[in-house]
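Chemist: What shape does this take:
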Amino acid sequence: MNDYGRKPPLGGLGLLSLGALTTPPNDRPLRLANALRDYGSSLSAVPPRAPAVAPSRGIIGGALADLYRIPEPPRRTLADLYKANKQAHDSLLRVLMGILSKPGSGFDLLTADLPGWSQPQGIEWAATGEGHIPDARAWNGYTRYVFEVETADTISIEHTRKQCELFSAYASQHNGVFVLFVPSGHEVHAQHQLAAWRIQGTVW
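Modeler: Numbers count the residues shown, from 1 in each chain. Purely as a prediction, here's the structure:
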């Protein structure tokens, strides 16, 4: 025997007989009510599962996304850039001064904008009086050199353009050489930037 009572004989009426024997007409509503009650009890015994929400989105990424906006980080100002790059800039300048002061380099009369060194003389435009102080100055024989040191983050900023434009003009006027000193691996970037600004100079 199976769950539905006696196995019916094979034949065209077998399936109809099976339905009549296993589910009497007057018992169908009661069985349905009991089944629904048992099913509801099984559901109440299991705690409801919390809806899946992507942790990266949360409420902001859901229905309230149009009401809230995550603020963008503040843009860095020139002062922020200078502060963040001060240590890297000074380290690069020390590397440059090590190169220039190495015996046999041919450079002398070195000045650098670093503690312990004589400070470089500032350079200014005659027409406006606007000026800047180079990071280093030196002589090689009868040729004067003007050096500007820039980190990877400051090669392309406007302040660098103004400095390079002034130092390049000064070097050209005095038959000297303007050198832009940058971190290793950023020489091509610096060369392209000087070309875009139409500024004459050498990249180290």
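
Chemist: Who are the contact partners of Ser156?
Modeler: By CB atoms under 8 Å, 6 or more residues apart in numbering, Ser156 lies in contact with 189, 193. Just so you know, the C-beta spots here come from the backbone N, C-alpha and C atoms, and that holds for glycine as well.

Chemist: Offset the numbering so it begins at 59, please.
Modeler: With the count now opening at 59, the last piece we talked about shows up as Ser214.

Chemist: and it, that one's in a strand?
Modeler: No - counting by DSSP: H, G, I helix; E, B strand; the rest coil, Ser214 is not part of a strand but coil.

Chemist: gap between it and Ala137?
Modeler: Per CB to CB, to the nearest Å, Ser214 is found 17 Å from Ala137.

Chemist: And Phe205, by the same measure?
Modeler: 23 Å.

Chemist: same question, Leu151
Modeler: Leu151 sits 19 Å away from Ala137, taking CB to CB as the criterion.

Chemist: helix or strand for Gln221, which one?
Modeler: Secondary-structure assignment from DSSP states H and E places Gln221 in helix 216-231.

Chemist: Show me the contact partners of that helix.
Modeler: If you take CB under 8 Å, 6+ apart as the criterion, helix 216-231 is touched by 136, 181-183, 188-190, 192, 202-204, 206, 208, 212, 234-236, 238, 252, 255, 257-259.

Chemist: swap the cut-off to 10 Å and go again
Modeler: Residues from elsewhere that reach helix 216-231 (CB atoms under 10 Å, 6 or more residues apart in numbering): 136, 139-140, 180-183, 188-193, 195, 201-206, 208-209, 212-213, 215, 234-238, 248, 251-252, 254-260.

Chemist: Among the residues you listed, name the buried ones.
Modeler: Taking 16 or more other CB atoms under 10 Å as the criterion, what is buried in these is 181, 190, 192-193, 195, 202-206, 208-209, 212-213, 234-238, 248, 251-252, 255, 257, 259-260.

Chemist: Neighbours of Gln145, how many?
Modeler: When neighbours are defined as other CB atoms under 10 Å, Gln145 has 10 of them.

Chemist: Let's verify it: helix, strand, or coil?
Modeler: Under three-state DSSP, Gln145 comes out as helix.

Chemist: Show the contacting residues for it.
Modeler: Gln145 touches Thr209, counting by CB under 10 Å, 6+ apart.

Chemist: where does it land on pLDDT?
Modeler: The pLDDT attached to Gln145 in the predicted structure is 90.

Chemist: any idea how far it is from Gln179?
Modeler: In this view, Gln145 and Gln179 are 25 Å apart by CB to CB.

Chemist: show me the contacts for Arg133.
Modeler: No contacts exist for Arg133 under CB under 10 Å, 6+ apart.
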